[in-house]
Each structure stands twice: as structure tokens, then as C-alpha cells.
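Chemist: No letters, just coordinates:
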């Protein structure tokens with residue numbers, strides 16, 4: 001199986017909305033931590049501006065990665081989500 005790199009950009013003004021509801025970040029990180037514990041999330045990065053994130057799922061099909069991203073509490077605030085299927089070389 002391949003890895004799937006997911007690049008997320010939040011919509012303009014999304015950070016303010018997210019910060020106004022402290023439960024949103026907590027719920028979002030519950031998913032991230034669960035995926036890490038399950039061994040399906042290899043890497044997770046947040047941009048310094050907090051407007052973007054990069055996730056790398058391992059041993060997963062693109063359709064499965066899309067399903068996971070779409071259940072995230074932040075999904076309604078995402079302006080752009082890009083999926084890139086990768087074959088690890090080393």
C-alpha cells in the first residue's frame with residue numbers, strides 16, 4: 001500500500017471561529033491522537049500561521065484518507081484539501 005499526503009488550508013477567518021469554540025481543537029486532536037495510536041498516521045505538521053496542516057497516512061488508499069479527513073471537526077472550515085498518493089523510495 002501507499003502513503004497518502006494530505007495538505008489542508010483553512011478558510012479565511014476560520015482560526016477566529018475555531019478559537020471561539022475551545023471544544024473544536026480538543027476534538028480535532030482526539031482524532032489525530034487516535035490515528036497515531038492506531039499506527040495509521042505517520043506524521044502530522046501544523047503551519048506556523050495555524051492556517052494549514054500536513055498529514056501523512058501510511059498503508060492507506062486515497063479514498064480512506066478522504067473519509068478520515070471528512071469526519072474531522074475542522075472539515076467545515078477547510079478551504080482546500082489536497083491528496084497526494086506517495087510511494088516511499090527510502
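Modeler: The structure has been received and is ready for your questions. Keep in mind that this is a model prediction, so the values were computed, not measured. Residues are numbered from 1 along each chain as shown.

Chemist: what's next to the worst-scoring helix or strand of the chain on mean pLDDT, contact-wise?
Modeler: When each helix and strand of the chain is scored by mean pLDDT, DSSP states H and E, helix 14-19 comes last, with a mean of 93. Residues outside helix 14-19 that contact it (C-beta atoms under 8 Å, 6 or more residues apart in numbering) are 10, 24-25, 50-51, 74, 77-79. (Each C-beta comes from the backbone N, C-alpha and C, glycine too.)

Chemist: hey, where'd the strands end up in this protein?
Modeler: 3-10, 41-46, 52-57, 78-86 (DSSP state E).

Chemist: Same list (those strands) but as JSON lines, adding distance to residue 63 and mean pLDDT.
Modeler: Formatted as JSON lines, those follow (distance: least, C-beta to C-beta, whole Å; pLDDT from 0 to 100):
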{"stretch": "strand 3-10", "distance to residue 63": "9", "mean pLDDT": "98"}
{"stretch": "strand 41-46", "distance to residue 63": "17", "mean pLDDT": "97"}
{"stretch": "strand 52-57", "distance to residue 63": "11", "mean pLDDT": "98"}
{"stretch": "strand 78-86", "distance to residue 63": "9", "mean pLDDT": "98"}
